[in-house]
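Chemist: sharing a sequence plus its predicted fold:
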Amino acid sequence: MLVRGKSSGPEWVEQGTLIAVGTADQPIVMRSAEATPAPGDWQGLYFQYVVSTRTALEHVQVFDAGGESSTTGVCVASLSASNSDADCSVVLSLEVQPAASFILNSLFSNGNGCGVYRGWRGDAIDFETSNTFTSLSGCTQSNVYNDDARACVGGTCE
């Protein structure tokens with residue numbers, strides 16, 4: 001699922017908002033449509049350029065994601081990825097970092113690559129708090145590139 005922004009002069013503006021809010025008893029489940037699900041069966045959630053401040057994912061379960069995103073990021077999503085391949089359950093390939101984590105009380109499981117790829121330059125916003133990551137081939141969340149440090153910082157794939 002792709003949710004992208006667009007350029008409007010010197011700014012990036014949202015073109016859509018994704019609101020997927022379930023409950024602990026009735027989570028929203030996103031998974032492979034294959035008869036025998038496997039990691040990477042589908043791309044997962046992909047946010048490009050900017051994330052709407054209204055976007056919210058809560059009590060969402062994402063299984064079998066991390067399929068080819070055609071995105072090569074700055075920081076790695078998996079220790080074995082030699083080219084910073086950003087195939088993950090959620091890919092954030094952003095020009096503008098989000099104000100805060102918009103994913104809460106959710107599960108990412110049986111995925112290829114990392115749980116959340118944090119592809120922006122700036123501060124490391126934590127997507128691990130309140131979320132659960134199991135059976136992923138990569139990190140729970142990637143690092144972010146920090147210009148001041150001139151390095152990928154703030155995650156578990158260092």
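Modeler: All right, it came through fine. Numbers count the residues shown, from 1 in each chain.

Chemist: skip the chain neighbours and tell me the closest residue to residue 30.
Modeler: Excluding the flanking residues, the one nearest residue 30 by Cβ to Cβ, 6 or more residues apart in numbering is residue 62, at 5.0 Å. The way it works is simple: take the backbone N, C-alpha and C, and place the C-beta from them, glycine included.

Chemist: list the buried ones in the helix or strand harbouring the one you found?
Modeler: Using DSSP states H and E, residue 62 sits in strand 60-63. Neighbour-count burial for strand 60-63, counted by 16 or more other Cβ atoms under 10 Å, picks out 60, 62-63.

Chemist: quick one: distance of the one helix or strand residue 3 maps to to the chain centre.
Modeler: Assigned by DSSP H and E, residue 3 belongs to strand 2-8. The chain centre lies 16 Å from the centre of strand 2-8; the measure is Cα atoms, centre = their mean, to the nearest Å.

Chemist: and that strand, which strands flank it?
Modeler: Based on DSSP bridges, the pairing partners of strand 2-8 within the sheet are strand 11-14 (antiparallel), strand 45-49 (parallel).
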